[in-house]
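Engineer: I'd like to go over a predicted model; first the sequence, then the structure.
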Amino acid sequence: MSGDKRAADTFRLLWEAKESSRSSLSVGGIVEAAIALADAEGLGAVSMQRVAGELGYTAMALYRHVPGKDQLVALMADRAQGAPPGESAQEWRAEILNWADAAWEFYLAHPWMLRVATTGAPTGPNELAWFEALLRPLARSGLAAENLVATAMFVSSAVRDLARIATEIAPSGSDYGALLARVVSPDRFPTLAALMASGAVEAEDDGDVRPALDFGLKLILDGLKTHTS
């Protein structure tokens, strides 16, 4: 199957599946079973054969509804996102932070989504709804129209990548400062050594990256406020 044909089939399925039945042998039912499997065992456990087995059918029966695993994963990712936060009376900055919180939560609820390759711009109904929900408050910030998509991509990528790190990193429980002190010398790592001396580098490695996201978003939104005022 050519790339163009595969993309067209995926696009069609994404929009048809939105209204499809969720009986077990339907696009909706297949996608729900695949999501449950990925939630339990990770994306690597998902195959047409395995999902068919979970439903009590053969893989061939699934292929009559979903052409292949690529399309299945695209359907899973779109459906698992659900609907984004609705428009609110909040000012634009608060609405963007609310969007980031909600995106962070669905990534942590479905960490396998962070292993789904990004192969293009959003095209599914839920993907586009999330994109719209971020563009809307950005547009109210006064940012120039030509910069809206780039800024939305930057914000969504920051949330996604830091969520990925949050699901991969494990607290070491070690005295991080003592470990670094063995190798970090002012002549080789002057900035890092100064940060350690000032206490800006945490001594304990607790694996928590959410503060980095919160600070980064604040920095971006402060910059937007300055840029558009």
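Structural biologist: Arrived safely, thanks for sending.

Engineer: can you check which helix is longest in this structure?
Structural biologist: helix 145-168 (DSSP state H).

Engineer: tell me which other helices or strands that helix touches.
Structural biologist: On a contact count with 3 or more CB pairs under 8 Å, 6 or more residues apart in numbering; DSSP states H and E, helix 145-168 meets helix 92-109, helix 125-140, helix 210-228. Backbone N, C-alpha and C define where each C-beta goes, glycine included.

Engineer: for residue 15, helix, strand, or coil?
Structural biologist: Secondary structure assignment for residue 15 (DSSP: H, G, I helix; E, B strand; the rest coil): helix.

Engineer: tell me how far the closest residue to it other than its chain neighbours lies from residue 135.
Structural biologist: Distances taken as CB to CB, 6 or more residues apart in numbering put residue 125 closest to residue 15, at 6.2 Å, once the chain neighbours are dropped. Distance of residue 125 to residue 135, given as CB to CB, to the nearest Å: 16 Å.

Engineer: mind telling me which of the helices and strands packed on helix 145-168 the model trusts least?
Structural biologist: Note on the helices and strands packed on helix 145-168: lowest mean pLDDT is at helix 210-228, with a mean of 87.

Engineer: give me the contact list for that helix.
Structural biologist: 93, 96-97, 100, 104, 138, 141-143, 151, 154-155, 158-159, 162, 166 (CB atoms under 8 Å, 6 or more residues apart in numbering).

Engineer: buried subset of the residues you listed as a ChimeraX selection?
Structural biologist: Selecting only the buried entries of the contacts of helix 210-228 in ChimeraX, with 16 or more other CB atoms under 10 Å as the criterion:
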select :93,96,97,100,104,138,141,143,151,155,158,159,162,166
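
Engineer: can you tell me which of the contacts of helix 210-228 is closest to residue 42?
Structural biologist: residue 166 (15.9 Å; CB to CB).

Engineer: from residue 111, how far out is the closest one?
Structural biologist: 9 Å.

Engineer: mind listing what the one residue sitting closest to the centre of the chain touches?
Structural biologist: For the chain, the residue nearest the mean C-alpha position is residue 160 (3.9 Å; CA atoms, centre = their mean). Residues in contact with residue 160 (CB under 8 Å, 6+ apart) are 103, 107, 114.

Engineer: was I right about the second one contacting residue 158?
Structural biologist: Going back to what we said before, that points to residue 107. No - using CB atoms under 8 Å, residue 107 makes no contact with residue 158, being 11.9 Å away.

Engineer: can I get the contacts of residue 160 in CSV including neighbour count?
Structural biologist: Below are the contacts of residue 160 laid out as CSV (neighbours: other CB atoms under 10 Å):
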residue, neighbour count
103, 21
107, 21
114, 17
